[in-house]
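Chemist: With the sequence up front, the predicted model follows.
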Amino acid sequence: MGHELRNVSLIPIDYDFYEKQVAKFDYELFHAAYTEFTFNQYFAFSKVVILDGKVVAFYLCRNYYKTVLSIHTLAVKTAYQGRGIGSRLIEDVIAEARPRSIARISLCTQTDNIIAQDLYKSFGFKKVARDRELDVYYMSKRIHRRMNV
């Protein structure tokens, strides 16, 4: 594993950027990539981390109801894992959620992905269910909403 990176910048993306820079990475990891309609209708916000001129990490988030946000996808390329990028992504999701009046953030992760589970737990996510058919845990975290004054 490499050294922890400081000041990792996250860049918001639109569908054009996703299609050109992220879709192949998404497909390689999850065997899924999104059409423009699905991307624009499904995701509330999405960001990437670019290092060495290439996308090394990204997340895609969607709203369920008005107060629940789902981290639909969060991924860091293997060569860049262990450097704090995953933590930075989660910190950013939480920061984005607060002004949107989100009360809960949810996600799912594979039951054998202990590293991801430990990362999520370190941010206060708790396992709330298991889907044995899909072999995933559903995890959730309540957040304190920023109140408009």
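Modeler: That came in fine, so what should we check first? Residues are numbered from 1 along each chain as shown.

Chemist: next structured bit after the strand ranked longest in the chain?
Modeler: The longest strand of the chain (DSSP state E) is strand 54-64. The C-terminal neighbour of strand 54-64 among helices and strands, as given by DSSP states H and E, is strand 68-76.

Chemist: what about that next one, average pLDDT?
Modeler: For strand 68-76, the mean pLDDT works out to 94.

Chemist: Check stretch 139-149 too.
Modeler: 72.

Chemist: and what of stretch 28-47?
Modeler: Rounded mean pLDDT across stretch 28-47 is 88.

Chemist: How far off centre is that stretch?
Modeler: Centre-to-centre, stretch 28-47 and its host chain are 12 Å apart (Cα atoms, centre = their mean, to the nearest Å).

Chemist: Could you report the neighbour count for the residue lying closest to F123 once chain neighbours are set aside?
Modeler: Nearest non-adjacent residue to F123, counting by Cβ to Cβ, 6 or more residues apart in numbering: I90, 5.2 Å away. Using the backbone N, CA and C atoms, a C-beta is placed for each residue, glycine as well. For I90, the tally of surrounding residues (other Cβ atoms under 10 Å) stands at 22.

Chemist: Parallel or antiparallel, list what pairs with the longest strand of the chain.
Modeler: Partners of strand 54-64 in the sheet, by DSSP bridges, are strand 45-51 (antiparallel), strand 68-76 (antiparallel).
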